[in-house]
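**Q** Predicted model and sequence follow; I will ask about them next.
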Amino acid sequence: MQRIAAIQKKRERLAVGLISGTSMDGVDAALVRIRGCGEATEVEVLEFATVSYPEDVQSALRELSVPTSCSVDALCRLNFLLGELFAEAALSVLKQARIRADAVDFIGSHGQTVRHLPGPTPFLGREIRATLQIGEPAVIAKRTGILTVADFRPADLALGGEGAPLVPLFDYLIFHSATQSRCLLNLGGIANVTVLPAKASRDEMLAFDVGPGNMLIDQLCRELFSAPFDRDGQIASRGVVCEALLEKNLTHPYFFRPPPKSTGREEFGEAFAADFLVDARRQKLESVDIVATATELTARAIAESLRRFVLPRTPVDELVVSGGGAHNAFLLRSLRKHLDGISVVLSDAYGVSVDAKAAVCFAVLANETLMGHPNNVPEATGASAETVLGKICL
């Protein structure tokens, strides 16, 4: 407790944010300096690194996300293995920045989501919501010697929320404006948005998972091109969108469900990609056309979600894009085409790189946890109340 009290007394804190997203390809680590807390928060990104998972770890994680191939022993061991890999990623970004571990006040780790089941489901006589992120924080804390805050999502589910999205508070603290209405779009494995009307208060935000971001595209690139992703959208740019396949997939029920809502591999992972590929081959599409259609699906789903759930409530002046998909030129062109009248910019324009934003977010959320501040947004998650998220490992 003395360590926490000492951190709370500091005017500024050094922190490392860690996350591995739904793409399951590695750990993003951001070293940041945080001044203040709550609405007075100021963040300076000092260093960033991505440490890729070994191929066999990526394969094991993808297997784990398929319920029929899940082994409890493998899950248990992967939890601890990822704790080691997350700790190594934290130490790697510190080495890159030439900062000693004992100069860092805390780590905020999202972990690796392997299952997200936020809908209340009958189970052994109870209605149960569930989520599971692995990457054992006790291992991270012991290997680095740095206090670690992790496992942010369960507290929100315990209050009837979806446990996602968690980025809205960070988006509000860093990007809200008195003059512009902004929509923050994260293009990770899953695409999610945070809508910040001009002059909005914290309880006037809207946020939700839109649907597939890079997840479907990446899976198809692995299947068709033995490539981990479509670098800069080069594959999609050589293809032609199949309107019939696109329109069929735009009827997916998730796209019509109103917020609050969240999703993941359970809905848009390997099984969804396999069905998409079967339909594409039935229509005798070339491989580049399949990737182009999948990329257009992401763009159209985002544009239609904004028209369906956001624009009737508030105008949007600017779409601020981050995440790995922000490097996909084909995807950005499609977004600009479908969102005519809305300026599309990258988060770099506001001092947070598109690659580092998610990791920076969890450093900021950990800062709020240690200061005892609620850091969920019930308007986004559907929780019955605000609460402090996360568990602390010393």
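**A** Received, thanks.
**Q** Would you quantify the distance from Thr22 to Asp289?
**A** The gap separating Thr22 from Asp289 is 25 Å, by Cβ to Cβ, to the nearest Å. To be clear about C-beta, it is placed using only N, CA and C from the backbone, and glycine gets the same treatment.
**Q** whoops, I mixed them up, Val51
**A** 34 Å.
**Q** Assign the closest residue to Gly108 other than its chain neighbours to helix, strand or coil.
**A** Leaving aside its chain neighbours, Gly108 sits nearest to Ala366 (2.7 Å; criterion: Cβ to Cβ, 6 or more residues apart in numbering). At Ala366, secondary structure determined by DSSP: H, G, I helix; E, B strand; the rest coil is helix.
**Q** Where is the longest strand in the protein?
**A** Longest strand in the chain by number of residues (criterion: DSSP state E): strand 106-123.
**Q** Provide a list of residues in contact with Phe80.
**A** 136, 139 (Cβ atoms under 8 Å, 6 or more residues apart in numbering).
**Q** tell me which element it is part of?
**A** helix 72-97 (DSSP states H and E).
**Q** Report the inter-axis angle for that helix versus strand 106-123.
**A** 160 degrees (axes from the mean of the first three to the mean of the last three Cα atoms, to 10 degrees).
**Q** Endpoints of stretch 160-176, how far apart?
**A** Length of stretch 160-176, first residue to last, Cα to Cα, to the nearest Å: 27 Å.
**Q** gap between that stretch and the chain center?
**A** Chain-centre distance of stretch 160-176: 11 Å, with Cα atoms, centre = their mean, to the nearest Å.
**Q** again with stretch 27-45
**A** For stretch 27-45 - counting by Cα atoms, centre = their mean - the centre lies 17 Å from the chain centre.
**Q** Go through that stretch and flag the buried ones.
**A** 27-32, 34, 37, 41, 43, 45 (16 or more other Cβ atoms under 10 Å).
**Q** Likewise for stretch 47-54?
**A** Buried residues in stretch 47-54 (16+ other Cβ under 10 Å): 47-51, 53.
**Q** Give me the mean pLDDT for it.
**A** Mean pLDDT, computed over stretch 47-54, is 97.
**Q** what about Ala29, is that helix, strand or coil?
**A** Relying on three-state DSSP, one would call Ala29 strand.
**Q** mind checking pLDDT for it?
**A** For Ala29, pLDDT reads 98.
**Q** what ranges do the strands span in this protein?
**A** 12-20, 26-35, 42-52, 106-123, 126-134, 148-150, 182-187, 190-196, 206-212, 318-322, 343-346, 391-393.
**Q** Return the distance of stretch 50-68 from the chain's centre.
**A** On Cα atoms, centre = their mean, the centre of stretch 50-68 falls 17 Å from that of its chain.
**Q** mind checking the end-to-end distance for it?
**A** 30 Å.
**Q** gap between Cys37 and Lys10?
**A** For Cys37 relative to Lys10 (Cβ to Cβ), the value is 10 Å.
**Q** Wait, Phe309 touches Pro258, no?
**A** Yes - the pair Phe309 / Pro258 is scored as a contact, 6.3 Å apart, by Cβ atoms under 8 Å.
**Q** In terms of neighbours, single out the busier of these two.
**A** Between Phe309 and Pro258, counting by other Cβ atoms under 10 Å, Phe309 is the more crowded of the two (20 against 8).
**Q** coming back round to it: and the longest strand of the chain, what does it pack onto?
**A** strand 12-20, helix 55-64, helix 72-97, strand 126-134, helix 137-144, strand 148-150, helix 265-268, helix 357-370 (3 or more Cβ pairs under 8 Å, 6 or more residues apart in numbering; DSSP states H and E).
**Q** So which of the ones you listed is nearest Arg202?
**A** Minimum separation from Arg202 across these (Cβ to Cβ) falls at helix 357-370, 11.9 Å.
**Q** could you say what helices and strands the closest one packs with?
**A** helix 2-9, strand 12-20, strand 26-35, strand 42-52, strand 106-123, strand 148-150, helix 168-175.
**Q** Buried deepest among the ones you listed, which one?
**A** strand 148-150 (a mean of 28; mean count of other Cβ atoms under 10 Å).
**Q** I'd like to check what contacts that one. Which residues are they?
**A** So strand 148-150 is contacted by 106-111, 133, 135, 137-138, 140-141, 365-366, 369-370, 390-393 (Cβ under 8 Å, 6+ apart).
**Q** Can you tell me the closest non-neighbouring residue to Gly211?
**A** With Cβ to Cβ, 6+ apart, the residue lying closest to Gly211 is Ala301, at 4.5 Å.
**Q** go on, Arg13?
**A** Asp105 (4.3 Å).
**Q** tell me the pLDDT at that neighbour?
**A** 98.
**Q** residues in contact with it?
**A** Counting by Cβ under 8 Å, 6+ apart, Asp105 has contacts 7, 10, 13-15, 146-147.
**Q** next one: phi and psi at it?
**A** phi -80, psi -40 (degrees, to the nearest 10).
**Q** do you know how far it is from Thr144?
**A** 12 Å.
**Q** next one: Thr113
**A** 22 Å.
**Q** Likewise for Ala358?
**A** Applying Cβ to Cβ to Ala358 and Thr144 gives a distance of 20 Å.
**Q** how does the chain divide into domains?
**A** 2-166+356-393, 170-350 (automatic domain parsing).
**Q** now the last one: mean pLDDT?
**A** Predicted confidence along domain 170-350 averages 96 (mean pLDDT).
**Q** Just want to know which of Ala358 and Thr144 has more residues nearby.
**A** For Ala358 versus Thr144, neighbours defined as other Cβ under 10 Å are more numerous around Ala358 (25 against 20).
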